[in-house]
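Enquirer: What follows is a predicted protein model with its sequence.
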Amino acid sequence: MTMVVAATAFGLMAFAAKIASAHISGSEVALIRMLMGLLPCVVVPRYRRAALEFHRLDLILYRGIFGGIAVTLYFLAIEHTTAGMATLLNYTAPIWSGLFSIAFIDERFSPRVLFPLPIALIGIFLVVRSGTIGFGMWQIAGLLSAVSSGAAVTAMRAARRTESSWSVYASFCVFGALINLPLALRSWKTPDSREWAALLATAFFAMIAQLLLTFSLRWVDAMTVGVISQLAVLISMFLGAAFLGERIAGIAAVGSVLTIAGVVGVTYVTSIHKLAAAADEVVPEV
């Protein structure tokens, strides 16, 4: 249930961010979202103490830096494409986090992943190709946001073995704000009342979603997280089509189905393989 709420909040965040970025830059939206996200750590002493307590500074830095880059690219993709396309591309992150987990935290590779992975990649190709400018820079930005997010999630999974939710969350907001600051200042526009409402909604849904996701990673298996997270893609696509007139072309719809199916398949195969590997490592009692 926690992950369902988190995924729903992520989808609502993307929709609110698209509304906010109608007249202000995606980097400005991301900066304000990060600064507002830090408010609980600033005003609540208990949360502030928890955010400042950590054991693995390297993992906290990796999570913050890669997470900040991912949000910057994601919000720029939302600004220049559609909320649905940007979210779909960003939510291919489980593919990249799986690859990074194999490379950096010694998780084993299952050959069975070679079946769903090409399906996801074909789906990504169709979605990106369906854009009005084809393989444009903002579609590529959305895809690179997923790569960065995959690195951040890998660091976050490792960090949650020893670190609190608040320290991991605070590092994400701090570095996200620092990375977006120069870009936001370069094109700064003072938001009007409607834009402030959208910005507040973006920050609120993002805070709820990020905290619930960080909490869930300690208790929910990767397969469940990866599958339920795709709900955010469907929500952002539906809201964009229903309220913002974001048309979903036939080739994009097919690509979306293939991408989601491939990501779910990759998550399923890698999770089952991890469970089997963990069982093999258990020494039976004699």
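Expert: Received it, and whenever you're ready, just let me know what you need.

Enquirer: what's the neighbour count on Glu53?
Expert: Residues lying near Glu53 (other Cβ atoms under 10 Å) number 11. Yep, even glycine has a C-beta here, placed from its N, CA and C like the rest.

Enquirer: Quick check: the gap between it and Arg157.
Expert: Distance, Glu53 to Arg157, by Cβ to Cβ, to the nearest Å: 19 Å.

Enquirer: got the contact list for Leu199?
Expert: For Leu199, the contact set (Cβ atoms under 8 Å, 6 or more residues apart in numbering) comprises Ala16, Ala20, Val29, Ile32, Arg33, Met36, Pro191.

Enquirer: and the last one, what element?
Expert: When elements are defined using DSSP states H and E, Pro191 is found to belong to no helix and no strand.

Enquirer: Which pLDDT value does the model give it?
Expert: Note on Pro191: pLDDT of 93.

Enquirer: again with the fourth one
Expert: The score at Ile32 is 94. That number is its pLDDT.

Enquirer: can I assume it is in contact with Phe204?
Expert: No - counting by Cβ atoms under 8 Å, Ile32 sits too far from Phe204 to count as a contact (11.8 Å).

Enquirer: on that earlier part again, please convert the contacts of Leu199 to JSON lines, extending it with secondary structure and neighbour count.
Expert: Converted to JSON lines, the contacts of Leu199 look like this (DSSP: H, G, I helix; E, B strand; the rest coil; neighbours: other Cβ atoms under 10 Å):
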{"residue": "Ala16", "secondary structure": "helix", "neighbour count": "25"}
{"residue": "Ala20", "secondary structure": "helix", "neighbour count": "30"}
{"residue": "Val29", "secondary structure": "helix", "neighbour count": "29"}
{"residue": "Ile32", "secondary structure": "helix", "neighbour count": "22"}
{"residue": "Arg33", "secondary structure": "helix", "neighbour count": "27"}
{"residue": "Met36", "secondary structure": "helix", "neighbour count": "18"}
{"residue": "Pro191", "secondary structure": "coil", "neighbour count": "18"}
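
Enquirer: export the residues you listed to JSON lines and tack on distance to Ser97?
Expert: Formatted as JSON lines, those follow (distance: Cβ to Cβ, whole Å):
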{"residue": "Ala16", "distance to Ser97": "25"}
{"residue": "Ala20", "distance to Ser97": "27"}
{"residue": "Val29", "distance to Ser97": "25"}
{"residue": "Ile32", "distance to Ser97": "27"}
{"residue": "Arg33", "distance to Ser97": "22"}
{"residue": "Met36", "distance to Ser97": "26"}
{"residue": "Pro191", "distance to Ser97": "33"}
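
Enquirer: Need the contact partners of stretch 171-180.
Expert: Here stretch 171-180 makes contact (Cβ under 8 Å, 6+ apart) with 27-28, 30-31, 33-35, 37-38, 41, 60-61, 63-65, 67-69, 71-72, 75, 152, 210.

Enquirer: All set now, cheers.
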